[in-house]
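1. sequence plus predicted model, see below.
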Amino acid sequence: MPETPHAPGTQTAETAETAWGGWQPAIRDDPFGHFAQARARCPVQPVRLADGHPAWVVLGYDAARQALSDPRISKDMLATLEDNGDVVAEGLPGREFSRHMLNVDPPDHTRLRRLVSRAFAPPRVAALEPAIRDIAHSLLDELDAAGPGATVDLVAGFAHPLPFRVIGELLGIPEPERADLLAWFQVLLTGWSGDPPAEAVEASGKIVTYLRELVATKRRSPADDLVSVLVGASDDALTPQELLSSLFQLVVAGHDTTASLIGNGVVALIDHPDQLQALLADTTRLPAAVDELVRFTAPVPHATFRVTAEPVTVGGVQIPAREQVLVCLGSANRDSRHFTEPDVLDIGRRDGRSLGFGHGMHYCLGAPLARLEARVAFEALLGRHPGLRLGVDRDALTWAHGDGLVLRGLVSLPVVLGPSPGAIQ
Ligand code: HEM
């Protein structure tokens with residue numbers, strides 16, 4: 001859709017507030033047309049969230065980059081809004097687990113990110129490749145056991161457990177304990193609007209108890225894993241609250257996002273057989289294809305909430321102080337002022353840097369790991385099943401896993417894996 005031209009500095013914000021989030025199924029499942037219409041009206045506008053709170057949504061590419069890197073737009077919602085008496089949506093598991101790098105500004109952000117970064121050093125990430133490949137193939141072995149022609153759920157059987165097992169390896173979560181933890185996170189991260197349902201509260205409590213026990217265990221017997229590294233850091237480097245918050249955030253950030261990329265990516269490739277064939281014909285295109293799938297399918301459609309510490313002009317629109325800001329990455333990544341034919345999936349695309357992993361100081365710390373996991377997942381899946389196809393009508397797919405704002409994932413992905421192995425080596 002062509003963008004309405006906006007001269008810099010001449011925007012006026014919409015006066016009528018648009019509702020944002022809690023969408024009807026048609027928009028929830030395919031939000032990009034809705035984003036484009038809103039973006040064409042104005043690249044930055046006030047909205048009313050599904051929980052009733054007001055916020056500003058940033059839709060244009062340039063405005064999004066600015067908002068993500070402007071130091072006057074804070075990530076510390078609690079500190080910036082609390083002393084004003086404003087309500088802050090806390091989510092689960094609540095305040096005690098909210099002190100991690102994605103919720104703070106420098107200097108705390110610098111300190112927390114540096115501590116966790118050790119686990120994401122390029123050689124450490126690259127060394128995980130054989131383990132990731134083993135995980136991918138063992139999951140596919142289990143799915144193949146259903147027999148040729150059987151319909152299997154690629155989300156439950158592959159896209160979710162793969163990144164969860166990888167983050168389990170990285171953190172040092174013992175194998176027998178992972179299934180319970182994954183089940184609790186599935187309940188916690190399944191979308192709802194308004195007050196969390198009782199089962200989500202219960203799952204959240206179990207996760208909190210589990211992570212506390214994990215920390216106690218690693219304190220008694222440290223190993224070569226990220227939890228042990230963080231537990232071993234001095235109390236000056238990391239408070240107990242920051243430690244637990246960081247672990248919680250890493251598990252959330254580290255699995256549902258990548259799971260959604262794999263699921264969304266498979267659907268996008270099935271929807272675009274020419275791109276799938278191009279990939280099957282030349283697998284060296286996979287790394288670029290993964291980045292294009294992040295741009296096109298928006299596994300993280302919005303960055304996490306920010307708040308203006310003072311009045312800030314973004315994309316020519318002035319946002320007052322102490323207002324919540326939501327940067328719509330899924331919209332920015334379809335902005336025709338930055339990408340040629342943005343609504344086309346093109347695995348050979350070279351025309352710009354997507355904001356799918358964010359931008360600025362909070363740029364995704366796990367991006368190299370996510371890219372590696374997705375590449376290995378697609379290599380294994382397409383290598384064994386290049387002829388895979390949907391096991392249900394396309395219209396039956398629903399993107400209700402996640403809240404639709406920060407996470408956009410499929411509830412399930414029934415596919416027929418089919419024979420013809422060996423196209424990708
Ligand atoms: C396709 C997969 C992924 C996508 C699309 C994604 C996307 C993002 C985005 C957009 C942000 C910035 C949020 C903001 O500025 O509000 C972010 C931050 C972050 N991500 Fe990811 N992510 C993915 C996978 C991962 C993985 C696998 C890990 C770790 C195992 C991870 C860890 C983090 C961390 C720690 C941050 C916070 C960085 C900071 O605040 O400095 N992510 N991610």
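-> Noted; the coordinates are in hand.

2. could you list the low-pLDDT ranges of the stretch 151-300 of the chain?
-> 191-194 (pLDDT under 70).

3. mind listing the strands for it?
-> 151-153 (DSSP state E, counting those that start in this stretch).

4. where does it get nearest to the ligand, which residue?
-> residue 254 (2.9 Å; Cβ to the nearest ligand atom). Every residue, glycine included, has its C-beta placed from N, CA and C.

5. hang on, that residue packs against residue 168?
-> No. In this structure, residue 254 is not within contact of residue 168 by Cβ atoms under 8 Å, at 9.4 Å.

6. mind listing what the residue of the stretch 151-300 of the chain closest to the ligand touches?
-> Each residue near residue 254 by Cβ atoms under 8 Å, 6 or more residues apart in numbering is listed here: 163, 166, 167, 170, 366, 369.

7. and the gap between it and residue 364?
-> According to Cβ to Cβ, to the nearest Å, residue 254 stands 10 Å off from residue 364.

8. do residue 27 as well
-> The value you get for residue 27 to residue 364, if Cβ to Cβ is used, is 26 Å.

9. same check on residue 168?
-> Going from residue 168 to residue 364 by Cβ to Cβ gives 19 Å.

10. check residue 183 too.
-> 26 Å.

11. residue 208 now?
-> 25 Å.

12. please apply the same query to residue 300.
-> With Cβ to Cβ as the criterion, residue 300 and residue 364 are 8 Å apart.

13. what sits against residue 286?
-> Counted by Cβ under 8 Å, 6+ apart, residue 286 has contacts 279, 375, 378, 379.

14. which residues in the stretch 101-250 of the chain form helices?
-> Assignment of helices within the stretch 101-250 of the chain using DSSP state H, counting those that start in this stretch yields the ranges 108-117, 122-126, 129-144, 154, 161-171, 175-189, 198-220, 226-232, 240-271.

15. can you say which of these is packed in most?
-> Greatest average neighbour count among these goes to helix 154 (a mean of 27), per mean count of other Cβ atoms under 10 Å.

16. and it, what does it pack onto?
-> Counting by 3 or more Cβ pairs under 8 Å, 6 or more residues apart in numbering; DSSP states H and E, the packing neighbours recorded for helix 154 are helix 240-271.

17. and the helix it packs on with helix 198-220, angle?
-> 120 degrees (axes from the mean of the first three to the mean of the last three Cα atoms, to 10 degrees).

18. quick revisit: need the overlap of contacts for residue 300 and residue 364.
-> Common neighbours of residue 300 and residue 364 (Cβ under 8 Å, 6+ apart) are 357, 358.

19. compare those two (neighbour count), which wins?
-> The neighbour comparison of residue 300 against residue 364 (other Cβ atoms under 10 Å) goes to residue 300, with 25 against 20.

20. and the closest residue to that one other than its chain neighbours, how close does it get to residue 409?
-> The shortest distance from residue 300 to any non-neighbouring residue, by Cβ to Cβ, 6 or more residues apart in numbering, is to residue 257 (5.7 Å). From residue 257 over to residue 409 the distance is 9 Å, taken as Cβ to Cβ.
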